[in-house]
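**Q** Take this sequence and fold it.
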Amino acid sequence: QVQLVESGGGLVEAGASLRLSCAASGRTFSSYAMAWFRQAPGKERVFVAAISWSGGETYYLDSVKGRFTISRDNAKNTVYLQMNSLKPEDTAVYYCAARAGGNMYATSNAYAYWGQGTQVTVSS
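**A** Predicted coordinates:
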């Protein structure tokens, strides 16, 4: 069982940066692939970024490539999402997700564990 707690969201202006954190409980964090998804009001939850258990592989939504960076610190049981050059269309609730097995997937149904979400609002 893994419990996930996100933090770091907020209200920023376009062009600003934010770093989201997701703290995980459990002794087997290093064996889990991790991902970030987001859900804008009235829209479906969509994939943003994923990272393999080792951190050696990452995968991104096309629209965030070059602006967002996912990383992890297995010693701290934490995964991060560094978001630069934020745009109003990045406004959403951001969710952290985990799956056992270490392989990355871009579909939400591949992830068994979810955090409660953190709001990111980008004003124009």
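
**Q** make it CA atoms for all contacts and neighbour counts henceforth
**A** Will do.

**Q** what about residue 42, how many neighbours?
**A** A count of nearby residues for residue 42, using other CA atoms under 10 Å, gives 6.

**Q** so residue 45 makes contact with residue 37?
**A** Yes - using CA atoms under 8 Å, residue 45 is in contact with residue 37, at 6.5 Å.

**Q** Find residues that contact each of these two.
**A** Common neighbours of residue 45 and residue 37 are listed as residue 108 (criterion: CA atoms under 8 Å, 6 or more residues apart in numbering).

**Q** Which one's more surrounded, those two?
**A** Using other CA under 10 Å as the criterion, residue 45 and residue 37 rank with residue 37 on top: 22 against 17.

**Q** Quick one: residues contacting that one.
**A** 45, 46, 47, 48, 49, 94, 95, 96, 97, 108.

**Q** what pLDDT does the last one get?
**A** This points to residue 108. Confidence at residue 108, expressed as pLDDT, is 94.

**Q** List the beta-bridge partners for the residue nearest the centre of the chain.
**A** Centrality entry for the chain: nearest residue to the mean C-alpha point is residue 36, 2.4 Å, by CA atoms, centre = their mean. On the basis of DSSP bridges, residue 36 is bridged to residue 49, residue 96.

**Q** What distance do you get for it to residue 111?
**A** 10 Å (CA to CA, to the nearest Å).

**Q** Most neighbours among the contacts of residue 37, which one?
**A** With neighbours taken as other CA under 10 Å, the top of those is residue 96, carrying 31 neighbours.

**Q** where's that residue relative to residue 78, distance?
**A** Distance from residue 96 to residue 78, by CA to CA: 10 Å.

**Q** Which neighbours do the two have in common?
**A** residue 22.

**Q** thinking again about what came up before, anything in contact with each of residue 36 and residue 111?
**A** Common contact partners of residue 36 and residue 111 (CA under 8 Å, 6+ apart): residue 97.
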